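Asker: what's the 3D shape of this:
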Amino acid sequence: MPSDSPHEIDELVKRHMSALRVFVRVRMGKELRAREESCDIVQSVAREVLQNGERFQFGGDQGFREWMFTTAHRKILNRLEHWRADKRSPRREADDQIPEELQSLGITPSQHASVREELRAIEAAFDTLTEEQREIVTMSRFLGMTHAAIAYRLGKTDVAVRKVLSRGLARLATALSQRDGELGS
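Answerer: Numbers count the residues shown, from 1 in each chain. From the prediction side, this is the model:
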C-alpha cells in the first residue's frame, strides 16, 4: 500500500538525509567527484523522492532507505554516464568554502579543513575497492542489509557475499591505516 502522506515521506527523507550524504560521497567515485559536487546529487535525489513519494510502497524504514539509496545509485550512474558520453571537462567549486550546514554549527575554517581531509581519506580508501566490494560494503554498512538479502539481490551465495565484504572491509582498513601511518611519520 502506498505511503499515507507527503508529510510521512518528508519525515523519512529528513531522518535518512545524513546517511544519504555519506552514501552518495562514497558511491560517486573519484571520476565523478572531480566533476560534480555530492550535495547536488543529494539534493536531486531528495527532490525526486519527495516528488514521487506516492510511488513508495511502504516497507518500513529499511524499505524506504533501500528505495532512496537505489534512487541515489541510479542518479550517480546516470551522471557518470553523462560525463563519460560527452567527455566534458571537470569542474570543482571552491573547496575553501564552508558548507552552510557546517557554518550553522559554528564550525571553524580549521575544523572544516580537518573534516574535509578526513572525508578525502575515506573517499580515497573507498576508491581502492573493486566495484563489487564497494557495492557490497555500501549495501551492508549503509543500507543495513543482511548477508542473505545482499546475496539474493546480487545472485550470489551468502558465503560469497561474506568473503567480498570481509575483503572490502580489510582493504578499507588497510588504506586508512596506511594513511594514518603516513601522517604519523
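Asker: So the nearest residue to Trp83 once chain neighbours are set aside, which state does it fall into?
Answerer: Nearest non-adjacent residue to Trp83, counting by C-beta to C-beta, 6 or more residues apart in numbering: Arg35, 5.2 Å away. Backbone N, C-alpha and C define where each C-beta goes, glycine included. Counting by DSSP: H, G, I helix; E, B strand; the rest coil, the backbone at Arg35 sits in coil.
Asker: pLDDT on the helix or strand where Ser114 lies, on average?
Answerer: Assigned by DSSP states H and E, Ser114 falls within helix 109-127. Here helix 109-127 scores 79 as its mean pLDDT.
Asker: What is the subsequent helix or strand relative to that helix?
Answerer: Downstream of helix 109-127 (by DSSP H and E), the next one is helix 131-141.
Asker: Off-centre distance for the next helix or strand after that following helix?
Answerer: Heading C-terminal from helix 131-141, the first helix or strand you meet, by DSSP H and E, is helix 147-154. Relative to its chain's centre, helix 147-154 lies at 19 Å (C-alpha atoms, centre = their mean, to the nearest Å).
Asker: what does stretch 122-134 give?
Answerer: 11 Å.
Asker: quick one: which helix or strand includes the residue nearest the centre of the chain?
Answerer: When C-alpha atoms, centre = their mean is applied to the chain, the residue found nearest the centroid is Phe23 (1.4 Å). Of the helices and strands defined by DSSP H and E, Phe23 is found in helix 6-33.
Asker: and the protein, what are its domains?
Answerer: Domain ranges of the chain: 1-88, 111-185, per automatic domain parsing.
Asker: can you tell me how far the nearest residue to Leu154 once chain neighbours are set aside sits from Arg74?
Answerer: Leaving aside its chain neighbours, Leu154 sits nearest to Val161 (7.1 Å; criterion: C-beta to C-beta, 6+ apart). Computed as C-beta to C-beta, to the nearest Å, the Val161 to Arg74 distance reads 22 Å.
Asker: Having no further points to raise, I will conclude here.
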